[in-house]
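> have a look; sequence and predicted model below, questions after that.
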Amino acid sequence: MVRSLTKTCWWPNESAPCPNASATVDEPLRKRLTESSGREELIRIPVLVTFLVISGLSNAQAPATTSAQTLEPLDASGEITYFIATGAPESRFRPSDTDLVALALQAWARSTEGKLRFSPAPESSAVLRVYWVAADFGQYGEMRPIVVDGRRGAAVYIRPDTEALGAEIAIRSREDSLFRDTVVYLTCLHELGHALGLEHTAEFADIMYFFGFGGDIVAFFERYRSQLRSREDIAGVAGLSEGDLAQLRSLYSVR
Ligand SMILES: [Zn+2]
């Protein structure tokens with residue numbers, strides 16, 4: 001049986017600071033955020049992961065905040081099963097995108113000294129499920145916790161239509177298919193990071209960086225793209241920072 005919990009995270013195509021952030025949190029947290037003088041303090045507040053900032057979205061359209069319990073490590077005592085769906089045509093999914101999910105799982109797994117092991121499974125029993133969905137409000141992806149036979153799991157939604165992620169991303173993706181694959185791969189990596197329990201950070205170097213903090217988002221992707229000569233290189237360039245790995249190792253007790 002599968003029970004869907006509250007969705008937690010979007011990775012919006014928005015490089016502006018979080019203008020609506022304090023409007024979506026409860027009053028004590030709003031006070032702490034208002035009094036906070038720096039991002040270091042912000043990232044210690046787990047509920048920050050629930051912020052959604054998309055230009056043009058009203059507060060009424062934005063999802064409400066969810067509890068910190070939406071991000072937790074998965075049970076890694078055995079193999080973590082996963083299922084990758086076939087994308088609907090309107091998602092602009094390419095069959096080769098399936099490889100990018102598998103590569104993202106491998107990237108997270110290989111820094112854990114064997115503690116994270118993934119294996120494919122049918123959708124009905126898979127703890128991790130990846131779906132390709134149509135573009136919506138410039139989002140890159142989303143993760144929703146689910147419960148599968150009493151165990152925590154996650155449904156990850158990837159939006160591979162780079163035409164809908166802003167003019168700069170669209171143009172670069174049209175002229176360079178490896179840039180397009182970079183966007184899809186890094187989105188998989190980020191959302192699977194949430195599925196594994198990782199929170200957002202304010203460090204631009206991290207794959208778990210939250211775009212709401214600003215910065216050059218095209219440069220964020222170019223940094224990874226510049227390390228590739230061919231698509232095959234994705235298997236050898238994880239795209240994870242020391243900060244990402246530290247967060248992962250902490251969650252899964254890897255030394
Ligand atoms: Zn995120």
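Sure, I can see it.
> spatially nearest residue to Q227, not counting backbone neighbours?
V237 (4.8 Å; Cβ to Cβ, 6 or more residues apart in numbering). All C-beta spots, glycine's among them, are computed from the backbone N, C-alpha and C.
> pretty sure the one you found is touching R223, no?
No. With contact defined as Cβ atoms under 8 Å, V237 does not reach R223; the gap is 10.6 Å.
> low-confidence ranges, the chain, go.
Low-confidence segments of the chain (pLDDT under 70): 1-69.
> what ranges does this protein have for its strands?
2-4, 9-12, 80-84, 118-120, 128-132, 139-148, 151-158 (DSSP state E).
> one step back: for the ion, see how far away the residue nearest to Q227 is.
Going from V237 to the ion by Cβ to the ion, to the nearest Å gives 21 Å.
> and that residue, how far from L192?
Distance of V237 to L192, given as Cβ to Cβ, to the nearest Å: 16 Å.
> contacting residues around the residue nearest to S230 when sequence neighbours are not counted?
Closest residue in space to S230, ignoring its immediate chain neighbours: L178 at 7.6 Å, by Cβ to Cβ, 6+ apart. Applying Cβ atoms under 8 Å, 6 or more residues apart in numbering, we find L178 in contact with 225, 228, 230-231.
> closest one to the ion among the strands of the chain?
Among these, the nearest to the ion by Cβ to the ion is strand 9-12 (4.0 Å).
> please name the residues that touch G78.
R117.
> which residue packs closest to I234, ignoring adjacent ones?
Using Cβ to Cβ, 6+ apart, the closest residue to I234 is L103 (5.4 Å).
> that neighbour touches D233, doesn't it?
No. Counting by Cβ under 8 Å, L103 stays clear of D233, with 10.4 Å between them.
> where do the helices sit along the stretch 1-150 of the chain?
With DSSP state H, counting those that start in this stretch as the criterion, the stretch 1-150 of the chain has helices at 27-35, 39-42, 97-109.
> in the last one, what counts as buried?
Meaning helix 97-109. 97-105, 107-109 (16 or more other Cβ atoms under 10 Å).
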